[in-house]
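Undergrad: I'd like to go over a predicted model; first the sequence, then the structure.
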Amino acid sequence: MKRFIFHIAIFLTLLASKTAAQISPGDLSTAHAKLEGMSNCTQCHDLGDKVSNNKCLACHKEIKSRVDKRTGYHVSKDVKGKECASCHSEHHGRNFEMVRFDEKKFNHTLAGYELTGAHKKVDCRECHKPDYVDDPNLKKKKDTYLGLGQKCLDCHEDYHQKTMANDCAKCHTTEDFKPATKFNHDKADFALVGKHKTVDCKECHKMEVKNGKDFQQFADVPFKNCNACHDDPHRNHLGTDCKQCHNEQSFASTSSLSKFNHGKTNFPLKGKHKQVDCRDCHKMDAATPTNVFQDRLGVKTNRMRHLPQRPTRGQIRDGLRWLPQRKLLP
Ligand code: HEC
Ligand code: HEC
Ligand code: HEC
Ligand code: HEC
Ligand code: HEC
Ligand code: HEC
Ligand code: HEC
Ligand code: HEC
Ligand code: HEC
Ligand code: HEC
């Protein structure tokens, strides 16, 4: 019987190869143990010939798909043009490790992903672990280096809880999340001007706990008018368009007052009045901002001094009107 099998074996190998009658040079590694036996030789070998890369790849779709996409270590200059067998030998017994490389000396850039900043100090297996792998087949293999994504969100939690763009790298580098060195506030919807440049971020972007986690509110901070953040000491006497009279340098500064559109008041400034300083008609006492421009009594006296009786035609052309005294009383 033994003899018979032997003859069959010789016959089969002769059939498979004209040149060398092949007998397996040794047991296959554990990973390939199921491929032991004469009927499986051609899973890896071409008929009577050497190992075929294509046959390896026919089974190893996880490698094939990456090679096809021109991504990952197996398309790097290290691997290019080499036989699979030159790195993954076989027939050295069950305990042989087919994947052998010095992890500490591995040039990670060959993987198509450079380790930069803080990542250089992170242990390989802090990144290469099943938690970060999506593919269910690769997730099961705890030793694999495949299956990771390159996007920050593939591994990092979204600190901003979906309030900011998903493209974290727009604002962050791998050096540190804090500060966000690539973020430029001038490109946000609200540029920081004047004194705002030195205000602590937290004064406008409140720290809070959201869904049980530390969170800072960056998006959706109202800013349409200054009074979105600043109290209105004028008690809305002067409307909400604070920018007409204020800028971000100082609320005490009056340099912006000239931008005020007096045409919208009951008394449009015309002619020579356009050159008159606000203070000449209005009492502007910084100590009592509630009263600023509410001094209709002062206005009255000024106007009465200018216009003791009905105006002349020229004065009317200049926009001056005589008003009965009762109308000017507060
Ligand atoms: C899982 C794939 C695989 C299977 C199955 C397999 N081999 Fe191999 N075999 C290899 C690899 C890889 C090498 C190359 C080893 C090296 O170069 O270090 C090799 C090398 C050889 C060699 C040495 C000569 C050469 O071509 O380099 C012989 C002989 C051989 N195999 C015969 C067989 C026979 C016979 C069978 C079936 C009983 C078989 N092999 C099954 C992968 C396989
Ligand atoms: C018939 C399918 C099949 C063929 C052909 C095959 N393999 Fe495999 N290979 C497997 C399976 C199954 C495993 C174990 C599961 C896994 O790791 O994917 C494996 C594992 C491996 C591993 C990982 C071993 C480890 O310890 O993690 C390497 C490397 C490998 N094969 C290389 C090769 C090479 C090189 C060839 C061609 C010479 C080849 N394989 C041919 C099915 C195959
Ligand atoms: C900060 C996370 C991180 C660390 C730390 C890290 N890697 Fe990676 N590694 C990756 C990412 C991401 C990829 C995937 C690149 C791709 O395929 O797009 C990768 C790919 C690889 C690959 C290529 C897999 C393939 O076949 O294409 C190998 C090998 C590898 N890493 C080895 C290591 C080793 C060894 C270490 C430790 C010295 C290490 N890595 C540390 C993130 C990391
Ligand atoms: C220059 C050496 C080299 C060559 C050539 C090479 N590999 Fe690899 N292979 C590696 C290294 C290093 C790893 C481990 C790191 C990784 O996963 O990229 C590996 C890993 C693997 C794995 C295990 C993937 C897993 O599940 O983690 C398989 C399968 C594999 N190679 C198949 C092949 C096949 C098929 C070929 C030929 C097309 C090939 N290799 C050519 C070096 C090589
Ligand atoms: C529009 C810019 C921007 C985007 C996009 C962005 N961030 Fe941020 N992130 C910031 C700013 C600004 C800070 C606050 C930094 C500081 O306090 O100096 C921050 C803080 C953080 C912090 C907290 C740092 C600490 O220790 O307090 C983490 C973690 C973080 N971001 C992760 C992410 C992740 C993950 C993403 C992608 C989902 C992302 N960020 C997207 C701007 C951004
Ligand atoms: C493959 C997984 C992976 C990817 C992709 C990845 N990181 Fe990391 N990163 C880690 C791990 C793991 C650590 C170390 C553990 C930790 O601190 O979370 C780390 C640490 C860091 C650190 C230092 C520690 C800290 O929390 O301050 C920063 C900063 C960082 N990563 C930024 C980024 C940025 C920015 C991106 C996208 C451009 C990114 N990472 C992509 C896995 C990854
Ligand atoms: C004077 C108030 C103020 C200060 C100080 C301030 N910000 Fe802002 N910030 C805003 C406003 C208002 C917006 C616009 C919010 C929006 O678009 O919904 C904004 C937008 C942002 C955004 C973009 C949010 C997004 O959705 O893209 C980030 C990130 C940010 N600020 C970070 C910072 C950081 C970091 C600091 C400290 C260096 C800072 N801010 C200081 C008021 C401020
Ligand atoms: C998103 C909130 C926010 C908006 C909108 C905002 N500010 Fe501020 N501003 C602050 C905070 C916070 C401070 C610092 C604390 C303080 O002094 O009230 C500040 C400080 C200032 C200061 C310096 C401090 C002072 O009292 O002199 C001036 C001036 C100023 N803001 C003017 C303006 C003007 C003008 C506008 C409208 C064009 C405006 N701000 C809109 C939040 C805001
Ligand atoms: C018509 C012009 C005008 C408008 C509009 C206006 N203000 Fe004023 N505001 C003034 C003047 C004038 C002062 C006094 C300045 C001075 O001499 O110190 C003042 C003073 C202030 C002060 C300083 C008060 C103090 O206690 O020191 C603040 C704060 C202020 N305004 C906020 C606002 C806000 C917020 C708005 C919009 C809701 C606004 N202002 C609209 C003219 C205006
Ligand atoms: C020639 C005198 C005159 C000058 C100069 C003048 N105003 Fe007036 N202002 C008036 C009069 C008159 C009214 C109308 C009062 C009324 O509605 O009863 C008025 C009304 C206002 C009001 C409306 C008050 C309210 O409660 O509706 C504001 C605000 C104001 N002035 C700001 C200014 C500013 C800012 C300047 C300097 C750029 C200025 N004024 C210059 C005379 C003047």
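TA: Arrived safely, thanks for sending. Numbering: from 1, shown residues only. Ligands and ions are numbered 1, 2, ... in the order given.

Undergrad: near ligand 7, which residues of the chain show up?
TA: Within the chain, the positions lying close to ligand 7 (C-beta under 6 Å from any ligand atom) are 164, 183, 185, 188-190, 192, 196, 199, 201, 203-205, 218-221, 223. Yep, even glycine has a C-beta here, placed from its N, CA and C like the rest.

Undergrad: if we go to 5 Å?
TA: For the chain, the residues in contact with ligand 7 (C-beta under 5 Å from any ligand atom) are 188-190, 196, 199, 201, 204, 218-221, 223.

Undergrad: just curious, which of these is nearest to Tyr145?
TA: Phe218 (35.5 Å; C-beta to C-beta).

Undergrad: which strand or helix spans that closest one?
TA: Taking DSSP states H and E as the definition, one finds Phe218 inside no helix or strand.

Undergrad: and Leu153, by the same measure?
TA: helix 152-155.

Undergrad: touching ligand 3 at all, that helix?
TA: No - legend: contact between helix 152-155 and ligand 3 by C-beta under 5 Å from any ligand atom is lacking; minimum distance shown is 6.8 Å.

Undergrad: any part of that helix near ligand 6?
TA: Yes - using C-beta under 5 Å from any ligand atom, we find that helix 152-155 touches ligand 6 at 152, 154-155.

Undergrad: repeat that for stretch 214-228.
TA: No - under the criterion of C-beta under 5 Å from any ligand atom, ligand 6 is not reached by stretch 214-228; the shortest gap measures 12.8 Å.

Undergrad: ramachandran angles for the residue nearest the centre of the chain?
TA: In the chain, the residue lying closest to the centroid (C-alpha atoms, centre = their mean) is Cys168, at 2.1 Å. With angles defined as degrees, to the nearest 10, Cys168 sits at phi -60, psi -30.

Undergrad: next up, the contacts around it.
TA: Contact analysis of Cys168 by C-beta atoms under 8 Å, 6 or more residues apart in numbering lists 151-153, 156.

Undergrad: do the same with Asn225
TA: Here Asn225 is in contact with 240-243 (criterion: C-beta under 8 Å, 6+ apart).

Undergrad: closest to Val292 among the residues of helix 152-155 next to ligand 6?
TA: Distances from Val292 to the residues of helix 152-155 next to ligand 6, taken by C-beta to C-beta, are shortest for Cys152, at 50.6 Å.

Undergrad: please see if stretch 192-207 touches ligand 9.
TA: No - shown here: stretch 192-207 not in contact with ligand 9 (C-beta under 5 Å from any ligand atom), separated by at least 11.9 Å.

Undergrad: do that stretch and ligand 5 meet at all?
TA: No - shown here: stretch 192-207 not in contact with ligand 5 (C-beta under 5 Å from any ligand atom), separated by at least 6.3 Å.

Undergrad: next one: the helix holding Leu153 to chain centre, how far?
TA: Mean C-alpha position of helix 152-155 versus that of the full chain (C-alpha atoms, centre = their mean, to the nearest Å) differs by 11 Å.

Undergrad: for that helix, buried residues please.
TA: 152, 155 (16 or more other C-beta atoms under 10 Å).

Undergrad: got the residue ranges for the strands in the chain?
TA: Taking DSSP state E as the test, the strands found in the chain are 207-210, 213-216.

Undergrad: quick check: phi and psi at the residue lying closest to Leu238 once chain neighbours are set aside.
TA: What sits nearest to Leu238 in space, not counting adjacent residues and going by C-beta to C-beta, 6 or more residues apart in numbering, is Phe293, at 6.4 Å. Torsion angles at Phe293 (phi, psi; degrees, to the nearest 10) stand at phi 60, psi 10.

Undergrad: pLDDT score assigned to Phe293?
TA: On pLDDT, Phe293 comes in at 85.

Undergrad: dump the residue contacts of it.
TA: 237-238, 282, 284.

Undergrad: and the buried ones among the residues you listed, selectable in ChimeraX?
TA: In ChimeraX, this line selects whichever of these come out buried by 16+ other C-beta under 10 Å:
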select :238,282,284
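
Undergrad: among the contacts of Phe293, list the two that are farthest apart in space.
TA: His237 and Met284 (13.4 Å).

Undergrad: what's the overlap in contacts for the two?
TA: The contact lists of His237 and Met284 share 292-293, where a contact means C-beta under 8 Å, 6+ apart.
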